[in-house]
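1. Give me coordinates for this.
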Amino acid sequence: MLPNSTVRVVRISSDGETLWDNSLSTGQFDYSSSISACSDNLNGAYFVWTNRAVSSDSTRGYTQRINPAGQRLWGDTGRLILDVAGQLEGFSCSADQLGNVTIAWEWYLNGEEDIYAQRIGANGGIQWAENGIALTEAIYDQYNPQVLP
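-> Here you go, the predicted model:
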C-alpha cells in the first residue's frame, strides 16, 4: 500500500445501497495493510489489519468490531492486539456465537515465518498472551493460517 494510505470498509445492501462507510486506520503509522474481515455472528463484523512505519521495523496489529449500524464498538482506532518487530501478514479470523473472535496471522521475523493467534472477547478484551501465542514455530516457513468456527 502507499504511504499515508487508509483502509476503508463499506457495508452495502443487497440493492447496492451504501449502508455505512468507515476508515480503519489509526493515523499513527505510515500505511495500513493486510486487512481481513469476518462476521461477529450478531450481524456485525470484525476487521483486522496492520499499521506499519516506513522508517522503522515496528508493526502493529489492530482489530475493530463494527455493529450492524456501522458504529465502531472499540473507539476510533480499534483495539491494539500486537506491537512487534518484523512483518505481519495473512490475517484470518472467526467469531463464536457469543461474539468472541479468534485471529491468526503470519509473523515474519529474522528470516522465519511462523503462525500466531490471539483471542479477543466480545467486549474487546485480550484473552491470551500479549502479542498472541505461537501456533507453530516449526522449521522453515509456515503461512496462510485459516481460523474456523
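
2. Helix, strand, or coil at the spatially most central residue of the chain?
-> The residue lying closest to the centre of the chain (Cα atoms, centre = their mean) is Val48, at 1.6 Å. Following DSSP: H, G, I helix; E, B strand; the rest coil, we place Val48 in the strand state.

3. Packing partners of the worst-scoring helix or strand of the chain on mean pLDDT?
-> Lowest on mean pLDDT, DSSP states H and E among the helices and strands of the chain sits strand 31-39, with a mean of 83. Contact here means 3 or more Cβ pairs under 8 Å, 6 or more residues apart in numbering; DSSP states H and E; on that basis strand 31-39 packs against strand 45-52, strand 87-95. Just so you know, the C-beta spots here come from the backbone N, C-alpha and C atoms, and that holds for glycine as well.

4. so the nearest residue to Gly86 once chain neighbours are set aside bridges to which residues?
-> Distances taken as Cβ to Cβ, 6 or more residues apart in numbering put Leu109 closest to Gly86, at 3.4 Å, once the chain neighbours are dropped. Note on Leu109: beta-bridge partners Glu112, judged by DSSP bridges.

5. Which parts of the chain are strands?
-> Here the chain has its strands, by DSSP state E, at 8-12, 18-23, 31-39, 45-52, 58-66, 79-85, 87-95, 101-109, 112-120, 133-136.

6. Could I get those in a markdown table, plus columns for distance to Gln146?
-> Shown next, in a markdown table, are those (distance: least, Cβ to Cβ, whole Å):
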| stretch | distance to Gln146 |
| --- | --- |
| strand 8-12 | 21 |
| strand 18-23 | 25 |
| strand 31-39 | 11 |
| strand 45-52 | 14 |
| strand 58-66 | 17 |
| strand 79-85 | 18 |
| strand 87-95 | 5 |
| strand 101-109 | 8 |
| strand 112-120 | 10 |
| strand 133-136 | 11 |
